[in-house]
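**Student:** Structure for this input, please:
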Amino acid sequence: MYVRVIGAAAAMAVVFAVGTACTGSTPGSTNDTGLAKYYDQHITWSPCSGFTPDGPQLGPDIECARVLVPIDYDLPSGPTAQVAISRHRARGDRIGSVVLNPGGPGTLGLRTATLGAKALGDRFDVVGFDPRGSGASTPRIQCLTPEENAAMRPDDIETDWTPAGVDATERNNRDYVAKCIQRTGTQLLGRLGTRETARDLDLIRAVLGDPKLTYVGYSYGTRLGAAYAQAFPDRVRAMVLDSGEPLDGPVIDMAKYYGSMQRAFDAYAADCARHRDCPVGTDPRQATRVLHTILRPLLTRPVPAGDRPLTAGEALQGVLDGLYSPSGWPGITTGLRQLRSGHGDALRATVERFDTTEDLTLENATLCLDGPRIPNRAEVATQQQRIFAAAPFLAIGGFHGQAPLDRCAFWPAPPTSTPHTFDVSNLPPFVVVAATDDPAATYDGNRLLANQLHSPLITHHGKQHGVFLVGDAPCVDAPVLHYLTTLTPPPGGIDCR
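**Tutor:** You can find the predicted model right below:
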């Protein structure tokens, strides 16, 4: 998604690539042709055990339901889907519902009702949801059979940059999309972008009985929140956007993202270097080189790890997953020490805890539909060079000037997001939250996001991705909770150290 400010005369507007939410009357109104049956539906709450294998773990106070949505909002009488939602009822004097989105794109969200209940559950029903096509929502995307899923490495870090490796990766990407088409069909695959998820979010709001949406979004969830506000500006009560990106860039700028991860790796290396047995050495300036010496042998000789060997790409993904918060640094140290001993169990466990093939499938679909796409290998190679320049710790396999077309190049439907004006003049103030050393979203980007939305920024001095309710940050939590409860935004420039 691309956005740009369009001049001083239109300072209250930005160009936002989410696409017009609908045609005709007010988006999502029950007067929209064919949509009344969706907005007027009554849902049935029940225990979550029938929704997900983790249902009992959500706790006895969490209940689940499914919301009927059209797969294609332009064809409301056509095929339908169901979006699974979870709820923790308010313990006290209820204000309404607050919907949480953990990011992704595509991260499953039923569990967020449990995670947010302690802090938000006094005055709000706390609601989470699995995005359309994933988790307990139906129909689910299916690209691989259960057997293929079990055999597939849940890493998305390419390491073989030889011409043969590039050809093989591109062939695998083409074959993967072909299986998606065969097993899921093109209609659902073409309606999994942010535009449709924002419209699903409005149906969730309606069936919960809330005239306006109260929303907390993390990471990609900030882009989803902005898309909702663009489509339904008169239905926003309050929004908290935590650890996001400005409205003048793609959903994920890979060079900036991995550049942030390089800084996080450097911070890990500096902390690790204080210990004699640090696996990346006692000189942080050499840590990238030492990491390469540890991981490079796995390019040709994966190490044992559970029921299948750990590859170089999977090991690198395990390191990346551990960089999202300093709490993950000990796991990186343990994992790299194990690799020196010829075993990969710790890094394998990290990857499987953070990444699932289903999450990655919906992430792929969303990114492909939110566009724009890179149409040829030359442009992909240029982007890859930018990534390695920003994050040299990733380049364990060298680079030969070629890169494969990704899955989006073969996606069977065009992007559903197109640039158009996003007017922020009629929105209530949001609250933007950011960590100064976020490993996945730059602080400067969040500061720009706050400026674009004319909203206050709460700064947390820390190294985590996601701040509000995520860690021990009462200086952040208190003013955000006050805002959600009273609709009084905090003064700009809160600086939490």
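
**Student:** Now do residue 435 against residue 231, distance only.
**Tutor:** 29 Å (CB to CB, to the nearest Å). (Each C-beta comes from the backbone N, C-alpha and C, glycine too.)

**Student:** Could you check which of those two has the larger neighbour count?
**Tutor:** residue 435 (27 against 22; other CB atoms under 10 Å).

**Student:** Neighbours of residue 116, how many?
**Tutor:** 22.

**Student:** For it, which three-state class applies?
**Tutor:** Assigned by DSSP: H, G, I helix; E, B strand; the rest coil, the conformation of residue 116 is helix.

**Student:** can you pull the contacts of it?
**Tutor:** For residue 116, the contact set (CB atoms under 8 Å, 6 or more residues apart in numbering) comprises 88, 98, 100, 126, 128, 216, 469.

**Student:** Including neighbour count, secondary structure and distance to residue 289, could those residues go into a markdown table?
**Tutor:** Shown next, in a markdown table, are the contacts of residue 116 (neighbours: other CB atoms under 10 Å; DSSP: H, G, I helix; E, B strand; the rest coil; distance: CB to CB, whole Å):
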| residue | neighbour count | secondary structure | distance to residue 289 |
| --- | --- | --- | --- |
| 88 | 24 | strand | 48 |
| 98 | 24 | strand | 47 |
| 100 | 24 | strand | 41 |
| 126 | 26 | strand | 46 |
| 128 | 25 | strand | 43 |
| 216 | 27 | strand | 41 |
| 469 | 21 | coil | 38 |
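
**Student:** Lowest-confidence entry in these?
**Tutor:** Of all the contacts of residue 116, residue 469 has the smallest pLDDT value, namely 94.

**Student:** What residue spans form the domains of this protein?
**Tutor:** Domain assignment for the chain, taken from automatic domain parsing, gives 27-139+192-249+425-496, 148-178+252-370+374-410.

**Student:** Pull up the distance across the shortest one, start to finish.
**Tutor:** Yep, that's domain 148-178+252-370+374-410 we're talking about. 20 Å (CA to CA, to the nearest Å).

**Student:** Show the backbone phi and psi for the residue nearest to residue 339 when sequence neighbours are not counted.
**Tutor:** Spatial nearest neighbour of residue 339, excluding adjacent residues (CB to CB, 6 or more residues apart in numbering): residue 294 at 5.5 Å. In terms of degrees, to the nearest 10, the main-chain angles of residue 294 are phi -80, psi -40.

**Student:** Next one: residue 294 from residue 317, what distance?
**Tutor:** 14 Å.

**Student:** From start to finish, how long is stretch 52-60 in a straight line?
**Tutor:** Note: stretch 52-60 ends 14 Å apart using CA to CA.

**Student:** shift numbering so it begins at 223
**Tutor:** I'll keep to 223 as the first residue from here, and by that count the last item is stretch 274-282.

**Student:** Out of the contacts of residue 338, which is nearest to residue 489?
**Tutor:** residue 691 (23.1 Å; CB to CB).

**Student:** Can you tell me how far the closest residue to that closest one other than its chain neighbours is from residue 334?
**Tutor:** Nearest non-adjacent residue to residue 691, counting by CB to CB, 6+ apart: residue 341, 5.3 Å away. According to CB to CB, residue 341 and residue 334 sit 12 Å apart.

**Student:** One more: residue 421?
**Tutor:** Counting by CB to CB - residue 421 and residue 334 are separated by 20 Å.

**Student:** try residue 647
**Tutor:** Counting by CB to CB, the separation of residue 647 from residue 334 is 31 Å.

**Student:** So for these two, which sits in the more crowded spot?
**Tutor:** Between residue 647 and residue 334, residue 334 has the larger neighbour count (other CB under 10 Å), namely 25 against 10.

**Student:** What are the phi and psi values at the more buried one?
**Tutor:** Per degrees, to the nearest 10, the backbone of residue 334 is at phi -70, psi -20.

**Student:** Run through this protein and note the low-pLDDT ranges.
**Tutor:** Residue ranges of the chain with pLDDT under 70: 223-255, 276-278, 372-378, 470, 576-582, 640-645.

**Student:** Now do the strands in it.
**Tutor:** Using DSSP state E, the strands assigned to the chain run over residues 225-227, 235-238, 268-269, 284-292, 302-310, 318-323, 346-351, 435-440, 458-464, 642-645, 653-657, 679-682, 716-718.

**Student:** JSON lines please, covering the ones you listed and showing distance to residue 609.
**Tutor:** Output for the strands of the chain, formatted as JSON lines (distance: least, CB to CB, whole Å):
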{"stretch": "strand 225-227", "distance to residue 609": "22"}
{"stretch": "strand 235-238", "distance to residue 609": "25"}
{"stretch": "strand 268-269", "distance to residue 609": "45"}
{"stretch": "strand 284-292", "distance to residue 609": "36"}
{"stretch": "strand 302-310", "distance to residue 609": "34"}
{"stretch": "strand 318-323", "distance to residue 609": "27"}
{"stretch": "strand 346-351", "distance to residue 609": "32"}
{"stretch": "strand 435-440", "distance to residue 609": "24"}
{"stretch": "strand 458-464", "distance to residue 609": "25"}
{"stretch": "strand 642-645", "distance to residue 609": "28"}
{"stretch": "strand 653-657", "distance to residue 609": "22"}
{"stretch": "strand 679-682", "distance to residue 609": "27"}
{"stretch": "strand 716-718", "distance to residue 609": "32"}
